[in-house]
Structure formats: C-alpha cells, structure tokens
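Asker: A structural model of the following input is requested.
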Amino acid sequence: MSGGLEVASDRLLALMKKGVTVEQVARVTRAFTDAGVMVHAYLMYGFPTETEQETIDSLERVRQLFAAGCVQSAFWHRFAATTHSPIGQRPDLFGITLRRTKAVTFAENEVGFSDPTGVDHDRLGVGLRKALYNYMHGLGLDVDVRRWFDDGSKRKVPAARVPGDLVERALRG
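Answerer: From the prediction side, this is the model:
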C-alpha cells in the first residue's frame, strides 16, 4: 500500500488540512503491516514554513515508524508549489511569497517561492535520503537522527524534540 503521509509533523499536517495525525498514521500503517500488506510512505520536506527543527523531528517520527514495523519503504520528495494548488492560489495562508518569472501560456508545474524560515532544505534533503536508505535496510534505527546530517561542516544540527516512544505509545493506545 502506498500512501502520502506527506509530512511527519502534526502542525504541517493540520496546515495542509490532511485530517490525520502522525499517531493515527502509525496505527493505520501498523494495521496494514499486521494484515501482511507492505506499506510505502511518500514523504516531503521543504513545505512552506517548515523549520529545520520540524524536519529533524519528522525524521525521528519516520525512524520510529520504521523501527515499530509500521512502514517498510518510503521516499522523500522536495516540496514544489504549483499554480493551481491551494498554496499557489493562496500563498499568504502558508506564509510564503510566490516568485513568478514569466507569463504562462499552458501549465505552470512548479512555482518558486520565498519562505521566511530561510532553511537550507537542499542540505537537509541529503540527510533525509541517507536515513531512509538505511532504514529500509534495517540499519541505523537505533541511532540519533542527527547522524544522517553530518556533512563534515561544523554546522550544528538540533536534537530531535520528539519523545523516543511516540509511535510505541500510539500503538498501545
């Protein structure tokens, strides 16, 4: 089963009006797994107003989903704003400004935008992909998620602020 969890952040899920929480996703994906159905999650990063802390916390939640056997496969996509999406229609509701560069005569599949957070999502994307590759092979599920963002620079990555047993508790209750 493939599904768009999109972001592993309750704040961003609410902003997107997805109608679910990460804890609900944990219970549903675990039920699929328990029924013998492999679960693949589509994830995105770089959603408007997503902070570096939220990205780190999202990876921690995804790590827990893998560790608990809720998800067996996943892929991170970089968020892209499109003209006819809710974000493209009302960027002000999402705290961004669109950067339109030319007149469009047919379709505008991706629109650049200015996000006030200033987060380097491209740099974070490298770590997110490394983590998922390892998680899908059952590796690194017991290490601090900051490990995946070590790019040799002296730039500090914040520690996850998510309780280490968030998914475990969701599955119990």
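
Asker: nearest spatial neighbour of L15, skipping sequence neighbours?
Answerer: Closest residue to L15 apart from its sequence neighbours, by CB to CB, 6 or more residues apart in numbering: F94 at 6.9 Å. For the C-beta atoms, the positions are set from N, CA and C on the backbone; glycine is no exception.

Asker: Can you give me every residue that contacts the one you found?
Answerer: L15, P48, T49, I87 (CB atoms under 8 Å, 6 or more residues apart in numbering).

Asker: Most widely separated two among those?
Answerer: T49 and I87 (10.8 Å; CB to CB).

Asker: Tell me how many other residues crowd L98.
Answerer: 15 (other CB atoms under 10 Å).

Asker: no wait, R63
Answerer: Neighbours of R63 (other CB under 10 Å): 26.

Asker: Can you name the residues that contact it?
Answerer: A131, Y135, L141, V145.

Asker: Can you go through those and name the buried ones?
Answerer: A131, Y135, V145 (16 or more other CB atoms under 10 Å).

Asker: Low-confidence stretches in the chain?
Answerer: Along the chain, segments meeting pLDDT under 70 span 101-108.

Asker: mind listing the strands for it?
Answerer: 2-6, 40-45, 73-78, 97-99, 112-114 (DSSP state E).

Asker: Just name the most buried of the ones you listed.
Answerer: strand 40-45 (a mean of 19; mean count of other CB atoms under 10 Å).

Asker: what does that strand contact?
Answerer: 1-8, 29, 55, 58, 62, 65, 71-79, 121, 124-125, 128.

Asker: Output that strand in PDB, but only the C-alpha positions, please.
Answerer: Taking Å, rounded to 0.1, in the frame of the first residue of the first chain, the C-alpha atoms of strand 40-45 are listed here in PDB:
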ATOM      1  CA  HIS A  40       5.300   2.600   1.400                       C
ATOM      2  CA  ALA A  41       5.100   6.200   2.600                       C
ATOM      3  CA  TYR A  42       5.500   9.200   0.300                       C
ATOM      4  CA  LEU A  43       7.100  12.000   2.300                       C
ATOM      5  CA  MET A  44       8.000  15.600   1.500                       C
ATOM      6  CA  TYR A  45      10.300  18.100   3.000                       C
END
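
Asker: distance between that strand and the chain's centre?
Answerer: 6 Å (CA atoms, centre = their mean, to the nearest Å).
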